[in-house]
Every structure is written in C-alpha cells, then in structure tokens.
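**Q** build me a model:
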Amino acid sequence: MSRTRVAVLKVVSQQLSVTQSAAEYGFSRRHLHRLLARYREAGLDGLEPRSRRPASNPKATPLRVRERIIEVRRELVADGSDAGPQTIGWHLEREGLRAPSPSTISRILSAAGLVTPEPRKRPRSSYTRFQAAQPNETWQSDVTHWRLADGSDVEILNWLDDHSRYLLGCTASCPVSGDDVVARFLEVIEQYGPPASTLTDNGSVYTSRFTGGRNAFEYLLPLLAIHQKNGSPGHPQTQGKIERFHQTLKRWLAARPPAQSILILQQQLDQFREHYNERRPHRALARKTPGQAYRTTPKALPAGGRSPGHYRLRYDRLDTKGRMTLRRAGRMHHLGIGTAHARKRVLALADDHTITVLELHTGELLSTHDINPENAYWRNTQRQPGRWPSPPA
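**A** Okay, here's the model as predicted:
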C-alpha cells in the first residue's frame, strides 16, 4: 500500500490526527487535507498520482496549424512528393502560417500515426559530401528503370547539374543506347551550354575503359574540352546526388497512373521536370528550387576557360552513299564524305567558317568542308584521313 493511502487511512480510522499523520509520513498538513478531500470525493482511487501538466499551454501549437500539418503531409504523400517536417514547414510558411520547428512537426505526425518507423540509418555526419561551386561545373548522369502499364521495362536517362540539382534532361528510351547518350547530351549542351566535366558510373553507354577502346561519348568529350569523371566500380555514393534523385522521380511517378506507352511516360517526365526544377523546394539548397539555384550563379566553362559555344554540333548517320545534309540560314546544304564511310555514325562540328566531320567510334577525322552560303554542295578539303587534334590543356 502506498504511503499516501496509509496516511489518509490512519486519519480516517482516527488512529492518528492530521498533524500526527502528516509528521509521521512526511506530508505537509495542507497537502494531507487535499488528499482527504480527494478521498471523500473518489475514495481510494482519488489518491492515485495525478498529472502535473497545466490545463492549458499558451505556447502550444494551435489546433488549426496541427490539422494543416496533417493535411499537407497527406497531400504531399498522395502527390508522390517529399513530405518530411522541413518540407511541410516550408509549405505552411508559403500559406502564411507560422510553422513550428521540424521536431514539433515530427511529433505531431507521429502522434497522428503518419510516421513509419525505419531501421537505424548510417548517420549523415559519416558521409564525405561534395558539391560543385558553380552551375555547369559538373553534370551527373545515370540511367534508371521504370515499367509501363503492360509491364514492359523502359530506361530513363537523366542529366543533373551537381551544384544546383537542376534537372537538365530527362528522357525515356527502350533501352538507352550509346547513341541516345550522345544525342541527348548534345541537345542539353545546345540549351544550357557545355559543362566543365561529367560524372557518371561505368556503364557501357558512358565508358568502354573496362572492355577496351573508347565509345562515342568518350570521343565526344575531349573535342569539347570537357573532363570525364567516372565513379569507382561498386561505389554508387560517388554519384550520390543522381542516385538520390531517382528516389524522388520514382516516388512521383508511382503516385500517377501507369503510362500506357513511352510517349505518355515522356509526357509525365516533362511534367515532373517542370515541377522538380521550378516548384519543389530542395533541402540541400536552403529551400530554394533548383531553377533558382541554377540561374542565380555564374556558369563554369570547360578547360582553359574557353567555351565551345560557337560550335554547332550535329550528331548524325551518313546515308548509303556517304553523304549528309545540313541546314544553315534556312537553306539545305549537302556534304559528301565518301562512299567508303556509308552508314557511319558521325559528329559534325560547325564554326563560322568550316564544318568538320568525325567518326564517333574511332575519332577519325573524315572530312573538312569550307562553308559557302552560295553553294548547295560543300566540297571536302581534307585530303588525307586523320584524327581531330586534342584540345589544349
């Protein structure tokens, strides 16, 4: 029996007075009188310890804010977006509400049963993090898989700016080939300018260093003075930003009806790209969007500080007679490379005066053509086959 009950029962049974019982059992007379009043109201149950929590707390999170926290969490989860405490706080502030601390939001979500316990993760402090100092300093790229409504597998090729997390390109293919990597890379360069370097894994579409030789992507980068970097085999943390990005992309896609075709999937990817770049705050960017971070900082240039932006790049395949066409100033021009090179995949680099055509697989310089706007056919001025000179260090 508890000390409280014994003290009260001694007084009720008239074995001790209030003064004696309080002295013997270590209570003040005032507190013992309170206990006797509780005994008369509720019996022995009234003597159980009571919470000392105040009846009200002026600093407590208002009910309206707590309800909105739960609503925003459910809306973000249903949309396939990140729904952590900091993201929820960002949305509350945009709505004009005073957001509680992330820890308070986390407690509210836990009390509402909206948090799924996860196994203990490796602490963030144990990772060595790096981030490019400028946009276009490093572009990360990787390929991930997704399934259409009929269960068929599709590959998605992504290009992500390391500094700003800006999604430069996001395209679906079945599957992604080396041709796709080069073609999409040139499209992104045409829109955003060339990066100083690229960072990828060791997939065969990016490098052939483990299988001998070089592939088209590896021949292209030196032409533009772009430094190629590859992560260590079996160590995806090197490309951690784009690996983590894949989680965000797949969570968003999973919240939408499965695409019936690659065309519909590409439409979804275009919608996601606009949402991710312009309307989704990024925790690593102090809650700025990737678009804001990409546009507000000067862009890095390839090696030597020179930009090959004056080049027009054309990735193509020669026809059965070793020819290709090129449109300039609204007029179609014809370039004869030679029947010996029929059906070869080539890269044409055009500046203000000449067009140089190279074979992508070998890096062989196939032809050089003087630009003459008056002529429909531009002759080959390259007398002997050679190799495109490496860019200056």
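**Q** all contacts plus neighbour counts: C-alpha atoms, from now on.
**A** Fine.
**Q** now Asp161. Nearest residue, chain neighbours left out?
**A** Trp139 (4.6 Å; C-alpha to C-alpha, 6 or more residues apart in numbering).
**Q** er, Arg184 I mean
**A** Gly169 is the one closest to Arg184 (C-alpha to C-alpha, 6+ apart), at 7.6 Å.
**Q** check the offset of the helix or strand hosting that neighbour from the chain's centre.
**A** Per DSSP states H and E, Gly169 falls inside strand 167-173. On the basis of C-alpha atoms, centre = their mean, to the nearest Å, strand 167-173 is displaced by 13 Å from the centre of the chain it belongs to.
**Q** what pairs with it, and is each one parallel or antiparallel?
**A** The strands beside strand 167-173 in its sheet (DSSP bridges) come out as strand 153-161 (antiparallel).
**Q** what sits up against the partner strand?
**A** With contact meaning C-alpha atoms under 8 Å, 6 or more residues apart in numbering, strand 153-161 is reached by 135-148, 166-176, 181, 242, 262.
**Q** pull out the buried residues from that strand.
**A** Val154, Glu155, Ile156, Leu157, Asn158, Trp159, Leu160, Asp161 (16 or more other C-alpha atoms under 10 Å).
**Q** could you dump that strand to CSV, C-alpha only?
**A** Provided in CSV are the C-alpha atoms of strand 153-161 (Å, rounded to 0.1, in the frame of the first residue of the first chain):
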residue,chain,number,x,y,z
ASP,A,153,10.7,-2.2,-69.0
VAL,A,154,11.8,1.3,-70.0
GLU,A,155,15.0,3.1,-69.2
ILE,A,156,15.1,6.8,-68.2
LEU,A,157,18.3,8.8,-69.0
ASN,A,158,18.8,11.8,-66.6
TRP,A,159,21.3,14.7,-66.6
LEU,A,160,21.6,16.6,-63.3
ASP,A,161,23.7,19.7,-62.5
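**Q** what separation do you get for Ala60 and Ser232?
**A** Noted for Ala60: a distance of 50 Å to Ser232, by C-alpha to C-alpha, to the nearest Å.
**Q** out of those two, which sits in the more crowded spot?
**A** Ser232 (13 against 9; other C-alpha atoms under 10 Å).
**Q** ok, now how distant is the residue nearest to Asp161 from His369?
**A** Separation of Trp139 from His369 (C-alpha to C-alpha): 32 Å.
**Q** look at these two and report which has more neighbours.
**A** Trp139 (27 against 20).
**Q** can you pull up the bridge partners for that one?
**A** Beta-bridge partners, per DSSP bridges, of Trp139: Asp161, Thr198.
**Q** with Val154 instead?
**A** Trp146.
**Q** next up, the contacts around the residue lying closest to Arg323 once chain neighbours are set aside.
**A** Spatial nearest neighbour of Arg323, chain neighbours left out: Gly336 (4.6 Å); criterion: C-alpha to C-alpha, 6+ apart. Gly336 makes contacts with Gly322, Arg323, Met324, Tyr377, Trp378, Arg379, Asn380, as judged by C-alpha under 8 Å, 6+ apart.
**Q** I'd like the list of the residues you listed that fall within strands, please.
**A** Arg323, Met324, Tyr377, Trp378 (DSSP state E).
**Q** below-threshold pLDDT in the stretch 201-350 of the chain: ranges please.
**A** Low-confidence segments of the stretch 201-350 of the chain, defined by pLDDT under 70, span residues 304-311.
**Q** so what pLDDT did the closest residue to Lys10 other than its chain neighbours get?
**A** Nearest residue to Lys10 in three dimensions, chain neighbours excluded: Leu16, at 5.5 Å (C-alpha to C-alpha, 6+ apart). With respect to pLDDT, Leu16 has a value of 91.
**Q** spatially central, which residue of this structure would that be?
**A** Nearest to the geometric centre of the chain sits Phe245, at 3.0 Å (C-alpha atoms, centre = their mean).
**Q** domains in the protein, by residue range?
**A** Domain assignment for the chain, taken from automatic domain parsing, gives 3-47, 63-111, 139-295, 311-387.
**Q** and the strands in the protein?
**A** 139-147, 153-161, 167-173, 197-200, 227-230, 312-317, 323-328, 331-336, 345-350, 354-359, 364-370, 377-378, 386-387.
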